[in-house]
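In: quick one, what's the 3D model for this:
(one chain, ligands or ions: 3)
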Amino acid sequence: MTIAALYEIFRQHPSIATDTRKLKKGDLFFALKGPNFNGNQFALQALEAGASYAVVDEDIDANDERIIKTEDALSTLQQLAKYHRERFNIPFIAITGSNGKTTTKELVDAVVSSHYTTYTTQGNLNNHIGIPLTLLSVKDDAQMAVIEMGANHQKEIAGYCEYAKPTHGIITNAGKAHLEGFGGIEGVRKGKGELFDYLRSTNGTAFAYDDYNYLHEMVKGISSVTWYGTRNGTVTGDVKTSEPFLSVAITKGAGFDEINTQLVGAYNLPNILCATAVGKYFGVPDEKIKQSIEQYTPSNSRSQLIEKDSNKIILDAYNANPTSMKAAIENFAQLHADKKVLLLGGMMELGEESVKEHEALIGLLKQYKWENVVLVGGDFSKINHDGYIYLNNADEARNWLQQQQLQRAYVLIKGSRSMQMEKAIAF
Ligand SMILES: CC(=O)N[C@H]1[C@@H](OP(=O)(O)OP(=O)(O)OC[C@H]2O[C@@H](n3ccc(=O)[nH]c3=O)[C@H](O)[C@@H]2O)O[C@H](CO)[C@@H](O)[C@@H]1O[C@H](C)C(=O)N[C@@H](C)C(=O)N[C@H](CCC(=O)N[C@@H](CCC[C@@H](N)C(=O)O)C(=O)O)C(=O)O
Ligand SMILES: Nc1ncnc2c1ncn2[C@@H]1O[C@H](COP(=O)(O)OP(=O)(O)OP(=O)(O)O)[C@@H](O)[C@H]1O
Ligand SMILES: C[C@@H](N)C(=O)N[C@H](C)C(=O)O
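Out: Numbering: from 1, shown residues only. Ligands and ions are numbered 1, 2, ... in the order given. As a prediction, the model looks like this:
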């Protein structure tokens, strides 16, 4: 079947399912293969549960005209997404970077959707499956789309641009994350820079944080760049307070002087300036920009403040890498509190730099005074803990916290996704 013919079916059944456990009646089911299951084996089950059609890439033992056999179901999904994307002549804003993609995406979405009908990446669905699903969720009434792009190796973002065709793009930063797959920090810049390469070749528009010198290099050749920063840019601003919620003083470019957010962490400053700059660029009224950023409350283990008895917990456990760990620790160090406790889980996907980066973190921790530092699992197991407590996993960390019976303490919990450090808060 051609993509054009499949697209006609999609127009009749414009919701996609890749998982029978979440399937709704009428969904167009795509049978994907993963590390645990082969989606082809669920095709008949999907049809029985009410799927309109099942797109498969293996022979299915049934004579059912609702089964659509393709060479490769995943690449068919991606081609269908491209075909759908090409029906729209509206801004598609792509967001990538090492840190702050999801938060920036949420903030940009909050701002632009206050004024335009906008379709946006849900949660963190930012990969070779999540991006096509996001594109296919864009409805006919769309005035704008915001697409998050995650990557852990070269050529990945370039591939996503081929089907998402962004008109505007943001690289939040290019730091020490996914070093293993990208091949070091230069590799990260090259890989993330594929978004700017695409915008360069298509006369697209970039938004970039003026404070990072490397971004000035990376945008070279792009004819339209909107800067935001602490000193220079269309929109400028700086941290007013972050005790713990971040308040930003806007010094130029918007019709308001401050934004009082519900985000913990001074490291969110560029994310907020970015959303403001994007809002101004697209003509969103000032009061809507300010209000939508101020109302955004994270609930996703990112930059979250949880109050428990007399204790305050900063839960920042969605992920971790050397850049975001440094930002979180330095931010925590600036907070005023007598008793500060850190529970830090291991950082993943750092390849041969992993042990060195975990050691460097100990060096950073030593610069400050803490009540307790607990290092949990990962490559923390391979290094000298230098007097800090070492535990194997988040369950042990929770037990340790339970035993402490903390009162009026400030606790920072952070670690890579697979460490599941959020489990520790059940103390
Ligand atoms: C393929 C898939 O969607 N899998 C999801 C599934 O996983 P599960 O372990 O159950 O099974 P399989 O993957 O083996 O299953 C194959 C298919 O079979 C379906 N199926 C299974 C059982 C059943 O009873 N019925 C079925 O129909 C199944 O649905 C599969 O289609 O379920 C899990 C739990 O819900 C999902 O977590 C899993 O999702 C995978 C991980 C996925 O990739 N989902 C995307 C939509 C997505 O965007 N996920 C994001 C994570 C993105 C991410 O990690 N981003 C990185 C950077 C990108 C790196 C990129 N190169 C990469 O490797 O991904 C970042 O740093 O941001 C998310 O979930 O948050
Ligand atoms: N601008 C930033 N600079 C440095 N660190 C940041 C920045 N923004 C967020 N972080 C850190 O990164 C963590 C994850 O934030 P967020 O989920 O927005 O990033 P992400 O790039 O989307 O990551 P992922 O793709 O893994 O979801 C935050 O909790 C915080 O510790
Ligand atoms: C979960 C994925 N988006 C991610 O951020 N992975 C890194 C390695 C992490 O969990 O810290």
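
In: every contact and neighbour count from this point should use C-alpha atoms.
Out: Fine.

In: pull the CA atoms of stretch 266-284 into PDB?
Out: In PDB, the C-alpha atoms belonging to stretch 266-284 read as follows (Å, rounded to 0.1, in the frame of the first residue of the first chain):
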ATOM      1  CA  ALA A 266      18.300  29.000  38.900                       C
ATOM      2  CA  TYR A 267      19.300  26.700  36.000                       C
ATOM      3  CA  ASN A 268      15.700  27.200  34.600                       C
ATOM      4  CA  LEU A 269      16.600  30.800  33.800                       C
ATOM      5  CA  PRO A 270      17.400  30.200  30.100                       C
ATOM      6  CA  ASN A 271      14.300  28.000  29.800                       C
ATOM      7  CA  ILE A 272      12.100  30.900  30.900                       C
ATOM      8  CA  LEU A 273      13.900  33.500  28.800                       C
ATOM      9  CA  CYS A 274      13.600  31.200  25.800                       C
ATOM     10  CA  ALA A 275       9.800  30.800  26.300                       C
ATOM     11  CA  THR A 276       9.500  34.600  26.700                       C
ATOM     12  CA  ALA A 277      11.500  35.200  23.500                       C
ATOM     13  CA  VAL A 278       9.400  32.700  21.600                       C
ATOM     14  CA  GLY A 279       6.200  34.300  22.800                       C
ATOM     15  CA  LYS A 280       7.400  37.800  21.900                       C
ATOM     16  CA  TYR A 281       8.500  36.600  18.400                       C
ATOM     17  CA  PHE A 282       5.100  35.100  17.700                       C
ATOM     18  CA  GLY A 283       3.200  38.200  19.000                       C
ATOM     19  CA  VAL A 284       1.800  36.600  22.100                       C
END
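
In: can you name the residues in contact with stretch 299-317?
Out: Residues outside stretch 299-317 that contact it (Cα atoms under 8 Å, 6 or more residues apart in numbering): 103, 263-265, 298, 318, 406-417, 420-422.

In: out of those, which are inside helices?
Out: Judged by DSSP state H, the contacts of stretch 299-317 include Thr103 as members of helices.

In: weed out the non-buried ones from the contacts of stretch 299-317.
Out: 103, 263-265, 318, 406, 409-417, 420-422 (16 or more other Cα atoms under 10 Å).

In: show me the helices in this protein, by range?
Out: Under DSSP H, the chain gives helices at 3-12, 43-48, 73-85, 101-113, 130-136, 156-164, 179-182, 184-202, 213-218, 269-281, 286-295, 322-334, 354-365, 394-404.

In: can you tell me if the fourth one touches ligand 2.
Out: Yes: using Cα under 6 Å from any ligand atom, helix 101-113 comes into contact with ligand 2 via Lys101, Thr102, Thr103.

In: so what touches that helix?
Out: 95, 118, 120-121, 123-124, 144, 146-150, 172, 271-272, 274-276, 278-279, 282, 284, 288-289, 292-293, 296, 302.

In: counting neighbours, what do you get for Thr297?
Out: 16 (other Cα atoms under 10 Å).

In: and it, how far is that from Gln304?
Out: Separation of Thr297 from Gln304 (Cα to Cα, to the nearest Å) stands at 8 Å.

In: which residues are in contact with each of those two?
Out: Leu263.

In: counting only strands, which of the buried ones among the contacts of stretch 299-317 make the cut?
Out: Leu263, Val264, Tyr410, Val411, Leu412, Ile413, Lys414 (DSSP state E).

In: how about Glu148: what's its closest non-neighbour residue?
Out: Ile95 (4.8 Å; Cα to Cα, 6 or more residues apart in numbering).

In: for that neighbour, give me its contacts.
Out: Ile95 neighbours (Cα under 8 Å, 6+ apart): Lys101, Thr104, Lys105, Val146, Ile147, Glu148, Met149, Gly169, Ile170, Ile171, Thr172.

In: just the residues you listed now: which is nearest Pro91?
Out: Distance to Pro91 across those (Cα to Cα) is lowest for Val146, with 8.5 Å.

In: would you turn the ones in strands among the buried ones among the contacts of stretch 299-317 into TSV with pLDDT and distance to Lys22?
Out: Conversion of those to TSV gives the following (pLDDT from 0 to 100; distance: Cα to Cα, whole Å):
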residue	pLDDT	distance to Lys22
Leu263	94	31
Val264	92	33
Tyr410	96	38
Val411	97	36
Leu412	97	34
Ile413	97	31
Lys414	97	30
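
In: and which of the residues you listed is nearest to ligand 3?
Out: Set against ligand 3, the nearest of those by Cα to the nearest ligand atom is Lys414 (9.3 Å).

In: dig out what the closest one forms beta bridges with.
Out: Asp316, Leu344 (DSSP bridges).

In: centroid residue for this protein?
Out: Centrality entry for the chain: nearest residue to the mean C-alpha point is Thr102, 3.0 Å, by Cα atoms, centre = their mean.

In: got the contact list for the closest residue to ligand 3 within the stretch 101-250 of the chain?
Out: Closest to ligand 3 within the stretch 101-250 of the chain is His178: 6.1 Å, counting by Cα to the nearest ligand atom. Applying Cα under 8 Å, 6+ apart to His178 gives the contacts Asn152, His153, Val188, Asn321, Met348, Glu349, Leu350.

In: out of those residues, who's nearest ligand 1?
Out: When those are compared for distance to ligand 1 (Cα to the nearest ligand atom), Asn152 wins out at 4.9 Å.

In: who in this structure is up against ligand 3?
Out: So far as Cα under 6 Å from any ligand atom goes, the chain lies against ligand 3 at Asn319, Ala320, Asn321, Met347, Met348, Glu349, Ser416, Arg417, Ser418.

In: dump these to TSV, plus distance to Ala46 and pLDDT.
Out: Below are these laid out as TSV (distance: Cα to Cα, whole Å; pLDDT from 0 to 100):
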residue	distance to Ala46	pLDDT
Asn319	33	95
Ala320	37	97
Asn321	39	97
Met347	38	98
Met348	35	97
Glu349	35	96
Ser416	34	97
Arg417	30	96
Ser418	30	96
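
In: so which of those is surrounded by the most neighbours?
Out: Met347 (28 neighbours).

In: near His385, how many other residues are there?
Out: Other residues within reach of His385, judged by other Cα under 10 Å, total 16.

In: roughly how far does it sit from ligand 3?
Out: For His385, the distance to ligand 3 equals 21 Å [Cα to the nearest ligand atom, to the nearest Å].

In: now do the contacts for that residue.
Out: Ile362, Leu375.

In: thanks a lot, catch you later.
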